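Visitor: below is the sequence, then the predicted model.
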Amino acid sequence: MELANMFQMIATILEIKGESGFKVNANIKVARVLEELVEDIRSIDDPTSIDGIGKSSAKKIQQFIETGIVPEFNELADSIPSGLLDVMRVQGLGPKTVGRLWKEAEVVDLSTLREAIDDGRLESLPRMGRKTIDNISDALAFLESSAGRKRIGKAMPIAEAIIALLRAIEGVLQIEFAGSLRRGKETIGDIDILASTDEPVLLADSFCSMSNVTKILAQGQTKCSVRIDAGMQVDLRIVENSAFGAAMLYFTGSKEHNVALRERAIQQGKRLNEYGLFEDDGDETPPQQRGVDPIARSEEEIYAALKSPWIPAELREDRGELDDKDLGNLITEKDIKCDLHCHTIASDGHMTIEELAMYAIARGYHTIAVTDHSQSSAQANGLKPDRLRKHIDAIHEVNEALKEITILAGSEVDILTNGELDYDDELLALLDIVVASPHVSLHQSSSDATTRLLKAIEHPLVHIIGHPTGRIINKRRGLEPNMQTLIDAAVATNTALELNANSLRLDLRDTHVKAAVEAGAMISVNTDAHVPEHFDQLRYGIGTARRGWLTPAGCINCFSHEDLTAWLDRA
DNA sequence: GCCGTTTTCGGCCCGACTGTTTTCAGTCG
C-alpha cells in the first residue's frame, strides 16, 4: 500500500515538473498494479513479470523492500514542496497551473493557495481572470468540505433518483448511469449519466436546475456538470440516440479499459471514439464530423467488430478481460438461493426468527441461516452458551413449523485475537452452520492477522469466514493478511470465504474475490442482515462478486438445497 | 517508463468544455 502510494506521488511530482506524460502514466500504472496486487510483493521474485512493471520500477521496489529508502524518490520529493501534491487535488488545477502557482505566486500548499486567492496575488498572473480565480476558490472549498469518493451504497440511490426525475422530461429517449457506478465499484467518484433526447436544451436545463444542485460547473450542448448537496459531482452527457451504445461503452470506462480497447482498434486498422467504431481512413478529422458512418454502434457490435466477446461492465478494468479468455457466466442476483449470515433480536438484529424467515421466503430462498453474535461481542448482545443452546432449539422449532424454507441454526462466532473461536467445539458441533468472523483487534500486524485467520480457516467446524478483513469502507482499514495464503488454505480445507454484501463492508473486496476464484476457493455472498432493508444490499455484493469474476458454480449461495446440505455436512 | 502477432526503437486514446484568448492551452473523464 505504502509502495503504491510512492509511485502515485512520483507520477504527480513528474507531472508538476513537466515530464513526459507517458512517463507519468507509466508510474500511475505501476501504482495501480501494486494497489490491486493480492500477493505480498515481497514474495514475488521478479516484479518485472507483472505487466506494467519494468526494470526501473522493479529497482525502486527492491530498494524499498530492502532498505525502505528509494533515493530517486527522495530526490524527486525534495525537488518540490510536498503540499503541491494536495494542490493538485483541487478540481480544475492541473500540473501546468500548479507549477505556475508555485513559481509565480509562491503557492506551496492548500493554505497558501487560500491566502493567494484572498490577498489578490493571483489576479496579476496572466490567464488568471476573475472567473478562474472564483472557480479555484469554490473547488478549494469543496475539497475541504467533502471527503472524496463516496460508497456505492450512498451514490446508487442518488443516481437512481436523478435518473427517475430526468426520465420523465419531455423528449428523453434513453437515460442510464455509466461510469464506476455501472461497473459496480465499491466507491464512486462522481455520478455519470448518459442520455439521448429529442430536446437536448430542455434536458440540460432540467438537469442543471434540479433542486439538489449547488453549483453548475459546465453547461454545454452535450455535456453538463453539476455539484449536488450530497457532496458529489454529477455529469450528464447527451448524445444522438444512434450513438447511445458507443457512448455507453465510452462513458462506462474504465479509462484503462477504454485505452486498451482503442489500442486494439488501432491494431486492427480501426478507430474508436464515443460516436462509434470507424475504419481508419487516415484522415485526421474525427470521422463523425465528416459524416462517415461507423461500422459498429452498439456495445455488442463494437466488441464483436473488435473480435472480443461482449464484456460485462464490472469486468472493464483492464485486468485481463480483453485477453480472449472465457469470461464465463458471471453471477447475478437471481442466482442467489439462500442467505447464510443474518441476525435476529437474539443479538443485535431487529427481526425475529419468523420475520427473518418470511423475508427470505419472499425473496424465493430455499434456506436462511440464523447467525447471531457470540458471547465476546457483548456490545452486540452476543449469546452466552446457555442462551445459544436455547436459541438453537427455538430456531429448530420455527424450522419445523415452516415448510417453505429451511432455517439453519448457526452462529457468527468471533475469531478471537489469537485465532481461537468464541465457543468450544462441543457447542459449535450443535450448530448447522458456523460463520467465523473477526470483530476485534483489527489493527494487528499482517503476519498476526494471517496466523489468526488461518487458524479459523483450518478449524474443522468452521464453514465460512465472515467479512475476513473487517474493513469499513472509508472508515476502517481492517486486517491486511496475506490473502493468497488464506485463499490457498480455504481451498485445501473447503472453507468458504464470505463476500459480505453490505455496502459499508464489501469484504472480501473485488481483487480478493478474483484471486479466490482463480485459486478455486468457494465464496459465500451474504447480506449480514440486521434489518429487512439489508437484504437489498445484495446488489452491491453481487456487483463486487462480478468484479471478482465469480460464477454461480463458485458460490455456495447458488447451490441447490441438496448441494448446500451436502456441502455443509462435509467431513 | 513500458512494451512488442509490423519488437529492442519508436511509439504511447480521444473529444468536450472553459476561460481568456483572437486561435488555443489546460483540464477532465
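Guide: Sure, I can see it.
Visitor: what's the neighbour count on A:Asp318?
Guide: Other residues within reach of A:Asp318, judged by other Cβ atoms under 10 Å, total 20. From N, CA and C alone the C-beta is placed, and that goes for glycine too.
Visitor: what of A:Glu274?
Guide: Using other Cβ under 10 Å, A:Glu274 is surrounded by 17 other residues.
Visitor: so, low pLDDT: which residues of chain A?
Guide: The model of chain A has pLDDT under 70 over residues A:1, A:146-147, A:324, A:571.
Visitor: go again with 50.
Guide: Across chain A, the ranges flagged by pLDDT under 50 are A:571.
Visitor: in it, which residue sits closest to DNA strand B?
Guide: In chain A, the residue that lies nearest DNA strand B is A:Gly129 (1.7 Å; Cβ to the nearest atom of the strand).
Visitor: against A:Val201, how distant is that residue?
Guide: A:Gly129 sits 27 Å away from A:Val201, going by Cβ to Cβ, to the nearest Å.
Visitor: same check on A:Leu550?
Guide: As judged by Cβ to Cβ, A:Leu550 and A:Val201 stand 44 Å apart.
Visitor: what about those two, which has more around it?
Guide: Taking neighbours as other Cβ under 10 Å, A:Leu550 and A:Val201 compare with A:Leu550 leading, 27 against 11.
Visitor: please name the nearest non-neighbouring residue to that one.
Guide: A:Ile331 (4.9 Å; Cβ to Cβ, 6 or more residues apart in numbering).
Visitor: quick check: buried residues in stretch A:476-490?
Guide: A:478-490 (16 or more other Cβ atoms under 10 Å).
Visitor: check those and tell me the two furthest apart.
Guide: A:Gly478 and A:Asp488 (20.4 Å; Cβ to Cβ).
Visitor: okay, now A:Asp109: neighbour count?
Guide: 16.
Visitor: ok, it touching A:Val87?
Guide: Yes. Judged on Cβ atoms under 8 Å, A:Asp109 makes contact with A:Val87 at a distance of 6.6 Å.
Visitor: enumerate every residue touching A:His343.
Guide: A:Gly349, A:Met351, A:Val370, A:Thr371, A:Asp372, A:His373, A:Glu412, A:Asp528, A:Ala529, A:His530 (Cβ atoms under 8 Å, 6 or more residues apart in numbering).
Visitor: quick one, phi psi at the fifth one?
Guide: A:Asp372 adopts backbone torsions of phi -80, psi 170, taken as degrees, to the nearest 10.
Visitor: so what pairs up with it in the strands?
Guide: Counting by DSSP bridges, A:Asp372 is bridged to A:Ser411.
Visitor: what about it, neighbour count?
Guide: Neighbours of A:Asp372 (other Cβ under 10 Å): 27.
Visitor: how about A:Lys185?
Guide: Residues lying near A:Lys185 (other Cβ under 10 Å) number 22.
Visitor: what segments of the stretch 201-350 of chain A are helices?
Guide: A:244-252, A:255-267, A:299-305 (DSSP state H, counting those that start in this stretch).
Visitor: want to throw those into TSV with distance to A:Gln537 and mean neighbour count?
Guide: TSV is the format used below for the helices of the stretch 201-350 of chain A (distance: least, Cβ to Cβ, whole Å; neighbours: other Cβ atoms under 10 Å):
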stretch	distance to A:Gln537	mean neighbour count
helix A:244-252	23	23
helix A:255-267	26	16
helix A:299-305	28	18
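Visitor: right, and those helices - which one's nearest A:Arg387?
Guide: Between the helices of the stretch 201-350 of chain A, helix A:244-252 lies closest to A:Arg387; by Cβ to Cβ that is 49.4 Å.
Visitor: just the CA atoms of that closest one, as PDB, please.
Guide: Output of helix A:244-252 as PDB, limited to C-alpha atoms (Å, rounded to 0.1, in the frame of the first residue of the first chain):
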ATOM      1  CA  PHE A 244     -26.000   5.700 -27.400                       C
ATOM      2  CA  GLY A 245     -24.400   2.300 -27.300                       C
ATOM      3  CA  ALA A 246     -20.900   3.600 -28.300                       C
ATOM      4  CA  ALA A 247     -21.300   6.400 -25.800                       C
ATOM      5  CA  MET A 248     -22.300   3.900 -23.000                       C
ATOM      6  CA  LEU A 249     -19.200   2.000 -23.800                       C
ATOM      7  CA  TYR A 250     -17.000   5.000 -23.600                       C
ATOM      8  CA  PHE A 251     -18.500   6.600 -20.500                       C
ATOM      9  CA  THR A 252     -18.700   3.300 -18.600                       C
END
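Visitor: quick check, that helix touching DNA strand B?
Guide: Yes. Using Cβ under 7 Å from any atom of the strand, helix A:244-252 comes into contact with DNA strand B via A:Phe251.
Visitor: name the residues that touch that helix?
Guide: The contact list for helix A:244-252 (Cβ under 8 Å, 6+ apart) reads A:173-174, A:176, A:178-179, A:182-183, A:192, A:194, A:196, A:237, A:239, A:258, A:261, A:272-277, A:294, A:296-302, A:313, A:316.
Visitor: mind giving me the ChimeraX select for those residues, buried ones only?
Guide: To isolate the buried members of the contacts of helix A:244-252 in ChimeraX, using 16+ other Cβ under 10 Å:
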select /A:176,178,179,182,183,192,194,196,237,239,258,261,272,273,274,275,276,277,294,296,297,298,299,301,302,313,316
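Visitor: from the contacts of helix A:244-252, which are also near DNA strand B?
Guide: A:Gly179, A:Asp192, A:Asn258, A:Leu272, A:Asn273, A:Glu274, A:Tyr275.
Visitor: touching, the fifth one and A:Pro286? I think so.
Guide: Yes. Here A:Asn273 lies in contact with A:Pro286, judged by Cβ under 8 Å, at a distance of 6.5 Å.
Visitor: list residues touching both of these two?
Guide: Residues touching both A:Asn273 and A:Pro286 (Cβ under 8 Å, 6+ apart): there are none.
Visitor: coming back round to it: quick one: mark the members of the buried residues of stretch A:476-490 that sit in helices.
Guide: A:Met483, A:Gln484, A:Thr485, A:Leu486, A:Ile487, A:Asp488, A:Ala489, A:Ala490 (DSSP state H).
Visitor: dump these into CSV; add distance to DNA strand B as well.
Guide: Formatted as CSV, those follow (distance: Cβ to the nearest atom of the strand, whole Å):
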residue, distance to DNA strand B
A:Met483, 23
A:Gln484, 21
A:Thr485, 26
A:Leu486, 28
A:Ile487, 25
A:Asp488, 26
A:Ala489, 31
A:Ala490, 30
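Visitor: what sits against the closest residue to A:Ser137 other than its chain neighbours?
Guide: Excluding the flanking residues, the one nearest A:Ser137 by Cβ to Cβ, 6+ apart is A:Ile117, at 5.0 Å. Applying Cβ under 8 Å, 6+ apart to A:Ile117 gives the contacts A:Ile133, A:Ile136, A:Ser137, A:Leu140.
Visitor: burial measure for A:Asp86, as a count.
Guide: 16.
Visitor: kindly apply the preceding question to A:Ile28 instead.
Guide: Using other Cβ under 10 Å: A:Ile28 sits among 19 other residues.
Visitor: go on, A:Ala31?
Guide: By other Cβ under 10 Å, neighbour count at A:Ala31 equals 22.
Visitor: OK, contacts around it?
Guide: A:Ala4, A:Asn5, A:Met6, A:Phe7, A:Gln8, A:Ala11 are the contacts of A:Ala31 under Cβ under 8 Å, 6+ apart.
Visitor: which of these fall within helices?
Guide: Of the contacts of A:Ala31, the ones assigned to helices by DSSP H are A:Ala4, A:Asn5, A:Met6, A:Phe7, A:Gln8, A:Ala11.
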